[in-house]
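Turn this into a structure:
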Amino acid sequence: MMKTAEVLKEHSFLERLVGDLTVTAPEMSGEPWTETVRSLHGIWFVAEGTGRMPDGKQATSILTLGYNAAKAKYVGSWIGSMMDFMWVYEGELHASGNVLDLYTTGPDFNGEGLADYREQIAFSDADHRTFISSARQPDGTWKQFMEAHYTRRT
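Here you go, the predicted model:
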């Protein structure tokens, strides 16, 4: 019989995501998106975002995040109605406890093939966080190409 997952101290970072948020980013259509994050009994966290793409089309995205104790890593996935690729994440929390680095491989937006990406979720306080996407460059550095700001709706 499979062992039942337990809520661990690592889940406390993910618990901070829960709520209803407004999302703004220059790369989006200019009008804010909304995101609702819920907890599946403190083990998994599911975020559903909705908004309009720059071309005016309505879009939806789903982010899942959890903590895999056997790997000692945060894990998750992201899908969006604007593409047919499922992003799969694995990452770790900074020592500060305020920034989660998630690493993934996906379509290279600058050409053909795949590229390495780092997504960061950084909390500035309980009601504000930033999501930063960066692509690995040939020299191994990360080049940021997107930044979104999340504000809790009260």
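
Strands of the chain, start to end?
Taking DSSP state E as the test, the strands found in the chain are 19-24, 33-40, 44-52, 58-68, 73-80, 87-93, 99-107, 114-125, 128-136, 142-152.

Partner strands of the longest one, with direction?
Taking DSSP bridges as the criterion, strand 114-125 pairs within the sheet with strand 99-107 (antiparallel), strand 128-136 (antiparallel).

Dump the C-alpha coordinates for the first one into PDB.
Coordinates of the C-alpha atoms in strand 99-107 are reproduced here as PDB (Å, rounded to 0.1, in the frame of the first residue of the first chain):
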ATOM      1  CA  VAL A  99      12.200  32.800  -3.700                       C
ATOM      2  CA  LEU A 100      11.500  29.500  -5.400                       C
ATOM      3  CA  ASP A 101      13.600  28.600  -8.500                       C
ATOM      4  CA  LEU A 102      11.900  26.200 -10.900                       C
ATOM      5  CA  TYR A 103      13.900  24.700 -13.800                       C
ATOM      6  CA  THR A 104      12.400  23.300 -17.000                       C
ATOM      7  CA  THR A 105      13.200  22.500 -20.600                       C
ATOM      8  CA  GLY A 106      10.800  23.700 -23.400                       C
ATOM      9  CA  PRO A 107      10.500  25.000 -26.900                       C
END
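
which stretches of the protein have low pLDDT?
28-30 (pLDDT under 70).

hmm, try it at 90
Under the criterion of pLDDT under 90, the regions of the chain flagged as low confidence span 1-4, 25-32, 53-56, 109-112, 154.

so what's Gly80 up against?
By CB atoms under 8 Å, 6 or more residues apart in numbering, the contact list for Gly80 reads 59-62. C-beta here means a position set from N, CA and C on the backbone, and glycine is covered the same way.

Can you tell me how far it is from Met146?
Gly80 sits 13 Å away from Met146, taking CB to CB, to the nearest Å as the criterion.

With Glu119 instead?
Here the criterion is CB to CB. By it, Glu119 lies 9 Å from Met146.

likewise Gln58?
Gln58 sits 19 Å away from Met146, going by CB to CB.

Neighbour count for those two, which is higher?
Neighbours per residue (other CB atoms under 10 Å) separate Gln58 from Met146, with Met146 holding more: 14 against 10.
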